[in-house]
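Participant: Kindly generate the corresponding structure for this input.
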Amino acid sequence: MRKETDVTSSGRWRAGLSLLEVLIATFVFMLAAIPIYRAISIGATKEIDSTKLSMARKILDSFRSEVMSRPFKELADQNSSNSETFVKMEGGYPETIDKVMEIQTRYKDFKLEPAIRFTTPNKTILEFRGVVKWTNSEGTTRKEEIIFLAVKP
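Facilitator: As a prediction, this is how the structure comes out:
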């Protein structure tokens, strides 16, 4: 609805907006847009973090499957010192290494640390530990770990 104040001194209707009205409208828009932008960016960050966690679990699952498919003697040879404390495993899981390298090409910060030990003095049970480390969106190092056993038949 038009008012008498919308008429100029020459009798014409005002057709545009003043600079003050434009600035106020822009300010109100920015107040609404900033929280929406933050909500979207936080959602994207959480999605990346959950994707990385999922990839770490996928690597550990591959490691467990690959190790458990090997004969006990072959696994015991990975612990040549017959240590009852965890020692680093050297090889024996090439498919898992391939998975890590595939994920590394995309995110470049995954590291697998496999370890092995005998849990009993009679050397009939092997315990394996796999740890995957990566950096989350906040720059802190996260890790996911799996521990499982292999029993001599």
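Participant: name the helices or strands packed onto the biggest helix by length in the chain?
Facilitator: In the chain, with assignment by DSSP state H, the single longest helix is helix 19-68. Applying 3 or more Cβ pairs under 8 Å, 6 or more residues apart in numbering; DSSP states H and E, one finds that helix 19-68 makes contact with helix 94-107, strand 111-118, strand 125-135, strand 141-151. C-beta here means a position set from N, CA and C on the backbone, and glycine is covered the same way.
Participant: Now the element after it, going C-ward?
Facilitator: Using DSSP states H and E, the next helix or strand after helix 19-68 towards the C-terminus is helix 72-77.
Participant: neighbours around N79, how many?
Facilitator: Residues lying near N79 (other Cβ atoms under 10 Å) number 20.
Participant: Name the residues that touch stretch 51-61?
Facilitator: Stretch 51-61 is contacted from outside by 96, 99-100, 103, 107, 110, 112, 130, 132, 134, 136, 142, 144-146, using Cβ atoms under 8 Å, 6 or more residues apart in numbering.
Participant: how about 6 Å then?
Facilitator: Contact with stretch 51-61 is made by 99-100, 103, 130, 132, 134, 144, 146, as judged by Cβ atoms under 6 Å, 6 or more residues apart in numbering.
Participant: picking that back up, now the angle between strand 125-135 and the longest helix of the chain, please.
Facilitator: 160 degrees (axes from the mean of the first three to the mean of the last three Cα atoms, to 10 degrees).
Participant: so which of the helices and strands packed on helix 19-68 gets nearest D49?
Facilitator: Across the helices and strands packed on helix 19-68, D49 has its closest neighbour in strand 141-151 (8.2 Å, Cβ to Cβ).
Participant: Now do the buried residues in the helix or strand of the chain with the lowest mean pLDDT.
Facilitator: Every helix and strand of the chain was ranked by mean pLDDT, DSSP states H and E. The lowest is helix 94-107, at a mean of 76. Along helix 94-107, these residues count as buried under the neighbour rule (16 or more other Cβ atoms under 10 Å): 96-97, 99-100, 103.
Participant: For that helix, what is the distance to the chain centroid?
Facilitator: For helix 94-107, the distance from its own C-alpha centre to the chain's C-alpha centre is 14 Å (Cα atoms, centre = their mean, to the nearest Å).
Participant: Residues in contact with that helix: which ones?
Facilitator: Helix 94-107 is contacted from outside by 55, 59, 62-63, 66, 110, 112, using Cβ under 6 Å, 6+ apart.
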